[in-house]
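In: How does the following fold in three dimensions:
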Amino acid sequence: MRTTSCALPKPRTDGSGCAWKTCGNGCRAWPATPCCWRATRACCAWWVAANLAAAFFIGAITLQNSAEHVRVWWAAYVRGAPPVAVTVDATRPDGSALRLRQAGRVGLGSTRALRAMLAQHPAATEIELESPGGLSVEGFGMADALRRSSIATTRVPTLCASACTLLFIEGRERLVGRGAVLGFHRSYSLLGDYSGGWGPTEQRMAERLRRQGVAKPFIQNAFSTPGWDLYAPGLDVLVPAGVATGALGQP
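Out: Numbering: from 1, shown residues only. Have a look, this model is predicted:
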């Protein structure tokens, strides 16, 4: 009986990387034979299907985990988180502003809002801060505006965290209320806080703290804290570390 054989000394692979030893008719499968074409098409179909399924699965998990980051990004950069509210908090007998007050999340336009009030009230020497933080780029801009102004005293009666601390540290006199929260952490973004180390934002923040005489161990603790947590020690730590100069209400 005459038989057909396509056997060769070594296995080969087709262009997709699929390697075959036998086809359904018993001959060895090589790219030049019809039996190998059928086997290659079947292999590659399964390979493509498996990879598509894996891609869809990974994509679904990624979208699920990123939903909150996307929501924050949309609110901050597309719809636009509102800027802080800056108002006059106390006046002198002659009617000029003595103290300003900044309240709310540090959203887009916060630097512009603070600059406008500082220009309108150039004699103000104090600012009260009440904010959970917000965009670091706005925090840096607001801190720079304070440094160029006549503001000498920064006050935190209840809460100043994250980007808000950039403003607080610019005061020559830095007062914190008893029981108030002054909170620090690493920055984070749409991609979350995954690096576990210092980035350019932390380097800039640390430099501002060092410039104001804050102790190195405090700076290390502050920016070793991940973005989802808060390092908020009390006055017994803040004052010796040089972060605060005193407590609100002290004679």
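In: what bits of the stretch 51-200 of the chain have low per-residue confidence?
Out: Across the stretch 51-200 of the chain, residues meeting the criterion (pLDDT under 70) sit at 54-81, 189-197.
In: what about the helices in it?
Out: 110-120, 136-147, 164-168, 200-211 (DSSP state H, counting those that start in this stretch).
In: To residue 235, which of those lies closest?
Out: helix 164-168 (13.6 Å; C-beta to C-beta). Every C-beta, even on glycine, is put in place using the N, C-alpha and C of the backbone.
In: by contact count, what packs against that closest one?
Out: strand 126-130, helix 136-147, strand 153-156, strand 181-183 (3 or more C-beta pairs under 8 Å, 6 or more residues apart in numbering; DSSP states H and E).
In: try it again with 10 Å
Out: strand 126-130, helix 136-147, strand 153-156, strand 159-161, strand 173-176, strand 181-183, helix 200-211 (3 or more C-beta pairs under 10 Å, 6 or more residues apart in numbering; DSSP states H and E).
In: before we move on, back to that, nearest to residue 183 among the helices of the stretch 51-200 of the chain would be which one?
Out: Of the helices of the stretch 51-200 of the chain, nearest to residue 183 by C-beta to C-beta is helix 164-168, at 7.2 Å.
In: ok, back up a step: would you mind putting the helices and strands packed on helix 164-168 into CSV with distance to residue 167 and mean neighbour count alongside?
Out: Converted to CSV, those look like this (distance: least, C-beta to C-beta, whole Å; neighbours: other C-beta atoms under 10 Å):
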stretch, distance to residue 167, mean neighbour count
strand 126-130, 6, 22
helix 136-147, 5, 20
strand 153-156, 6, 23
strand 159-161, 8, 23
strand 173-176, 10, 20
strand 181-183, 11, 21
helix 200-211, 10, 15
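In: is it possible to export the ones you listed to JSON lines including distance to residue 111?
Out: Converted to JSON lines, the helices and strands packed on helix 164-168 look like this (distance: least, C-beta to C-beta, whole Å):
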{"stretch": "strand 126-130", "distance to residue 111": "14"}
{"stretch": "helix 136-147", "distance to residue 111": "3"}
{"stretch": "strand 153-156", "distance to residue 111": "16"}
{"stretch": "strand 159-161", "distance to residue 111": "17"}
{"stretch": "strand 173-176", "distance to residue 111": "21"}
{"stretch": "strand 181-183", "distance to residue 111": "21"}
{"stretch": "helix 200-211", "distance to residue 111": "15"}
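In: Next, count neighbours for residue 93.
Out: 6 (other C-beta atoms under 10 Å).
In: so which of the helices and strands packed on helix 164-168 gets nearest residue 107?
Out: helix 136-147 (7.0 Å).
In: re earlier: between the helices of the stretch 51-200 of the chain, which gets nearest to residue 249?
Out: helix 164-168 (17.0 Å).
In: can you list the helices of the stretch 51-200 of the chain in a markdown table and add distance to residue 96?
Out: Converted to a markdown table, the helices of the stretch 51-200 of the chain look like this (distance: least, C-beta to C-beta, whole Å):
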| stretch | distance to residue 96 |
| --- | --- |
| helix 110-120 | 11 |
| helix 136-147 | 18 |
| helix 164-168 | 22 |
| helix 200-211 | 29 |
